Structures are given as structure tokens and as C-alpha cells.
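Enquirer: Okay, here's the prediction I keep looking at, along with the sequence it came from:
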Amino acid sequence: MRKLLLFFIKSIAYGLALAFLLLMLFPQFTGTTTPLWQFKAQEQLPEPVSYHRAVRRAAPAVVNVYTRSRIVDPRSLRPRTIERQELGSGVIMSADGYILTNFHVVYGADHIEVALQDGRLLEAVVIGQDEISDLAVLYVRADNLPVIPQDPTIEPQVGDLVLAIGNPLNLGQTITQGIISANGNTGLSSRGYPDFMRMDAAINKGNSGGALVNSNGTLVGINAAAFQVQNQDIQGIFFAVPYQLARNIMQKLILHGRVTRSHLDVEGQAVVNAAGDLLLSSGQPMYGLLLTKVTTGGPAAVAGLQVGDIILEIAGRTFQNTQQALNFIAETAPNSELVITVDRNGQRLSIPTVVRELSRR
């Protein structure tokens, strides 16, 4: 009797061991294709990193822009016109039908169409355009337009992750990823060019005018261009118009059809002290703007500003960087008087200065 009991116990043990081995080697017997020893490891894996929520919020408001224009064929010996077709992208900024895109996307176009992601194809008209900021505002008449998420108080930081959404090479809507590498320049241009955001989310032909969004899908900029140098292959440096600037330009174009800017007609560099040592890092506090050029006959020269002056305040305001000062001057109404406080060889002077409208060149 005892031998019979041992026989049954051994048989059951062998059977259980064989069944466990078969389940380990052939997981399909359990109704799953995953071996049992892998279940615990898989349960411990973190969720994969994904930006699908950001894309889902922003992508429907990014449109494809198609333009047609008639130009004189430069290759023909006899004057003849040909039709040129171009493509770009745009961003629906309001339910009223206003769309932001790049100036260079629609410049000279005779006919403009925008294609929405829901399949609608709409004719668009240009409300206004601004060459300096490379922005243009289009208008379409339609209902139920998706609008890009926006935050008027947003302040993107260097190192923020960004996604560029557009229609590169007419391949259809495409998303590229990068980070913001710079928010501003440290030089003061006499022509008042705007401060473009630098990032490494790829911008190719057709991406221009598309949306640059953060990881929440909120608009941080309008994609503009890639940095290019003739005969040099440069990768990873791309530009976008910051959201705050783009929004400001858009509002002016909608209200007035054009953008007016004031200027001093000077060039300068940010410095950290009265000795004129250049500001080299965004972490350094700025002392002022050292003027390196004052154009003869310009507003600054007429007021008495000189090369070597360090601008400390404008209308009683101090600035954290050169671009803030440049934007403040540009936003001032032409022919307004601003009191500019400068450090001239250690002496503090207040100089009334009348700003003039920057001519479109």
C-alpha cells in the first residue's frame, strides 16, 4: 500500500513539473504569446514616452498652404509667363478664420488655398503681411475651424522640448522633435530685425508657416526657416518666430493691414559693466547696451547719442536683454520722444530722443 501511494505521489509531481515546463516553453497553451517569466518584468516597465496628446491638441489646426502665381519665365528668350506653384503651412489662430503663415510662403501669390486636416479645401485671402518678421495673415470663410491652443503668458525656456508640425515636401502632415537652443540675440541691429527662436526640430521646404508647439501642444512659435550658408552643409539649426511676437504682429495686421516700427538707427552690444565687458551668458546680469554704431542723420545721432555710450534706461525702464530694449523702441509710436539715460565715460546723462518709423527696405 505504501509503495502504491509513493508511486501516485511521484507520478503527480512528475506531471506537474512537466506541465510547468511545457507552459514555460510554449506560452500559447496559456492563451498568450508571452512566456510566464516575462510577465513580472513587463509589469514593471514604465509607460513609453509619447507626445500623442500634444499632437492631438495641435495638429488639426495646422493647415497646408498652396499658392499659385504667374511669373515671366527667365529661361525664355521671348517674354512668356509661366505658372509657379509653391507650398507651405499655416496655423489657424482664431475661430474667425484668421491663419498665420510666413511672408515668403504667400509673397506674390495670385491664388491661395489651404487644406485642413479634416479634408476641407478653402480659398484664402491675404489680410496683411510683414517682411521683417516673415509673417502674413490669411483669412478663410468657414465654420467649425479647429484653433491652435494658445497661452498669452507663455515664456518658453532654453532646453524646452518642442514639436514642429507642418507639410514638408508635400508629404502630408509631419511632426519633428527638438529643443529650444536660444530665445534671443545679444546684438542690437540698426534695421530692427526681430528676435527669432532657435531650435533643432527639423524645418524643410513646406514646413514654413507651420506650428512649433511644446509638449502640451501649446503654440510657442511659427516655423520660419533653416540656417543656411552657401557651400556648407549645416544641420540642426532652425528658426521660428516666437509666439508673443507673432501674435502681436498678427493683431496689427488685422487691425491696420501693416506694421509700423520705430528705431534709433544704432547698433550695439550688451555689456555687464561700465568698462564695456561683453555679456557672454544669459545668466549674467546686463548693465546696459554699448553703442558700437550711430548712423549719421539717424534719430540717435540727431539727439546727441554717441559711439561708446552705454544705454542704461529708456523712458525710465531697465531691460534684462538687448531684445527687450529693441522691442520697446520698435513698439513706441513713431515721432514719440523717449528720454534715454546713458553712461558716458562714467557720467550719467539723460538725453531726450525722438524715434522715427523704420522704413521698409
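Expert: That came through, no problem. Numbering: from 1, shown residues only.
Enquirer: could you show me where the helices are in the stretch 51-200 of the chain, in order?
Expert: In the stretch 51-200 of the chain, the helices defined using DSSP state H, counting those that start in this stretch lie at 52-58, 103-106.
Enquirer: Contacts for the last one, please.
Expert: Same thing as helix 103-106. Counting contacts by CB atoms under 8 Å, 6 or more residues apart in numbering, the residues outside helix 103-106 that touch it are 65, 67, 86, 88-90, 112, 126, 129-131, 133-136, 138, 208-209, 225. Using the backbone N, CA and C atoms, a C-beta is placed for each residue, glycine as well.
Enquirer: Okay, now the unreliable bits of this structure?
Expert: When the per-residue scores of the chain are filtered using pLDDT under 70, the ranges that remain are 1-43, 72-78, 80, 82, 184-194, 227-234, 282, 360-361.
Enquirer: how does it divide into domains?
Expert: When the chain is parsed into structural domains using automatic domain parsing, the resulting residue ranges are 52-139, 161-256, 262-357.
Enquirer: Make CSV out of those and add mean neighbour count and distance to residue 45.
Expert: Compiled in CSV, those are given as follows (neighbours: other CB atoms under 10 Å; distance: least, CB to CB, whole Å):
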stretch, mean neighbour count, distance to residue 45
domain 52-139, 18, 18
domain 161-256, 19, 21
domain 262-357, 17, 38
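Enquirer: Residue 136 is in contact with residue 254, correct?
Expert: No - proximity of residue 254 to residue 136 does not meet the contact threshold set by CB atoms under 8 Å, at 11.5 Å.
Enquirer: Which residue, neighbours along the chain excluded, lies closest to residue 129?
Expert: Using CB to CB, 6 or more residues apart in numbering and skipping the chain neighbours, the partner closest in space to residue 129 is residue 136 (3.9 Å).
Enquirer: give me every residue that touches the one you found.
Expert: Residue 136 makes contacts with 100, 101, 102, 103, 105, 106, 107, 126, 128, 129, 130, 253, as judged by CB under 8 Å, 6+ apart.
Enquirer: Then residue 197?
Expert: Applying CB under 8 Å, 6+ apart, we find residue 197 in contact with 156, 180, 182, 183, 212, 220, 221, 239, 240, 241, 242.
Enquirer: Past the helix or strand where residue 329 lies, which element shows up next along the chain?
Expert: Secondary structure assigned from DSSP states H and E places residue 329 in helix 322-331. From helix 322-331 onward toward the C-terminus, using DSSP H and E, the following helix or strand is strand 337-344.
Enquirer: tell me which strands and helices that next one is in contact with?
Expert: With contacts defined as 3 or more CB pairs under 8 Å, 6 or more residues apart in numbering; DSSP states H and E, the packing partners of strand 337-344 are strand 310-314, strand 347-354.
Enquirer: Now tabulate the ones you listed in a markdown table and tack on distance to residue 96.
Expert: Supplementary listing: these in a markdown table, determined by distance: least, CB to CB, whole Å:
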| stretch | distance to residue 96 |
| --- | --- |
| strand 310-314 | 35 |
| strand 347-354 | 37 |
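Enquirer: roughly how far out does stretch 212-223 sit from the chain middle?
Expert: When distances are taken as CA atoms, centre = their mean, to the nearest Å, stretch 212-223 is centred 7 Å away from the chain's centroid.
Enquirer: how much space between residue 214 and residue 324?
Expert: Separation of residue 214 from residue 324 (CB to CB, to the nearest Å): 22 Å.
Enquirer: An error on my part: the question was meant for residue 151.
Expert: Residue 151 sits 20 Å away from residue 324, taking CB to CB as the criterion.
Enquirer: go on, residue 84?
Expert: Counting by CB to CB, the gap from residue 84 to residue 324 is 40 Å.
Enquirer: Next: residue 143.
Expert: 40 Å.
Enquirer: Tell me where the stretch 1-150 of the chain has strands.
Expert: Using DSSP state E, counting those that start in this stretch, the strands of the stretch 1-150 of the chain run over residues 62-72, 81-92, 98-101, 111-115, 121-130, 135-139.
Enquirer: of all those strands, which lies closest to residue 204?
Expert: With CB to CB as the criterion, residue 204 lies closest to strand 81-92 of those, at 10.7 Å.
Enquirer: Could I get the contacting residues of residue 146?
Expert: Contacts of residue 146 were listed using CB under 8 Å, 6+ apart, and they are 60, 61, 92, 116, 117, 118.
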